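Asker: test case, fold it:
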Amino acid sequence: MVGVTKGVGLEQIQEAISAGLNHLGENRVQEAREKIFHIQNVRWHMVGHLQSNKAKEAVRLFHFIHSVDSLPLAQEIEKGATLFGKEVPVLLQINLQGKSAPFGVPPESADALVKEISRLKHLKLSGLMTIAPLSEDPGKTRPYFRRLWGLKETLEEENSSLALHTLSMGMSQDFEIAVEEGANVVRIGRAIFEKK
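Answerer: Numbering: from 1, shown residues only. As a prediction, this is how the structure comes out:
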């Protein structure tokens, strides 16, 4: 479980860590900077859209990047990883919503991008990520999660050396369905940090 700390103060984050949370996620590099300076005893995940010009700093700050959706972005992460001498685990963000979603690679383009990323020495492609559409009925997200699982299986069949161990899908409103459909990373913000 990655606790998404967008808009959450340090005191509240520390409370969650005291309760056992040890993976935290941020949507923006600039908001993460101060939090990561103060909180270093956890693993930090970049879960929001990452701009190429922020890639080097993201490599410096984060342990894991969930939102790689283009070759130019992957190449910028590679440059940062080379500079800092580290291997960066990344996830390929898949857009299963079509034109209604601004970010992510279309499923039909995933195989070509997987092959390109696999050539980058400092990136470790660990799995896939998607964002399902918001719905008052969480059950409507199930087909999106099922499609991501199917795409994972297809990519592994077509690329024998590929092992996509991580499926990052599901948020506060639909994480239970995501887990039923194969998620092993869920990104939870509101359900952890919102005051009841």
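
Asker: and the strands in the protein, which stretches?
Answerer: Counting by DSSP state E, the chain has these strands, from start to end: 2-4, 23-26, 43-46, 64-68, 88-94, 123-130, 166-168, 187-188.

Asker: partner strands of the shortest one and their direction?
Answerer: Strand 187-188 has the following sheet partners, assigned by DSSP bridges: strand 2-4 (parallel).

Asker: avg pLDDT for the longest helix along the chain?
Answerer: Longest helix in the chain, counting residues (DSSP state H): helix 142-158. On average, the pLDDT along helix 142-158 is 95.

Asker: quick one: list the elements packing against it.
Answerer: Helices and strands touching helix 142-158, by 3 or more Cβ pairs under 8 Å, 6 or more residues apart in numbering; DSSP states H and E, are helix 110-118, strand 123-130, strand 166-168, helix 175-180. All C-beta atoms are positioned from the backbone trio N, CA, C, and that covers glycine.

Asker: residues contacting the shortest one, please?
Answerer: By Cβ atoms under 8 Å, 6 or more residues apart in numbering, the residues outside strand 166-168 that reach it are 2, 47, 66, 89, 91, 126-130, 148-149, 152, 182-187.

Asker: I'd like the distance between the nearest residue to F64 once chain neighbours are set aside and S168.
Answerer: Using Cβ to Cβ, 6 or more residues apart in numbering and skipping residues adjacent in sequence, the residue nearest F64 is H45, 4.6 Å away. According to Cβ to Cβ, to the nearest Å, H45 and S168 sit 8 Å apart.

Asker: where do the contact lists of those two overlap?
Answerer: Common contact partners of H45 and S168 (Cβ under 8 Å, 6+ apart): V2, H66, R187.

Asker: top of those by neighbour count?
Answerer: Highest neighbour count within the shared contacts of H45 and S168, by other Cβ atoms under 10 Å: H66, with 27 neighbours.
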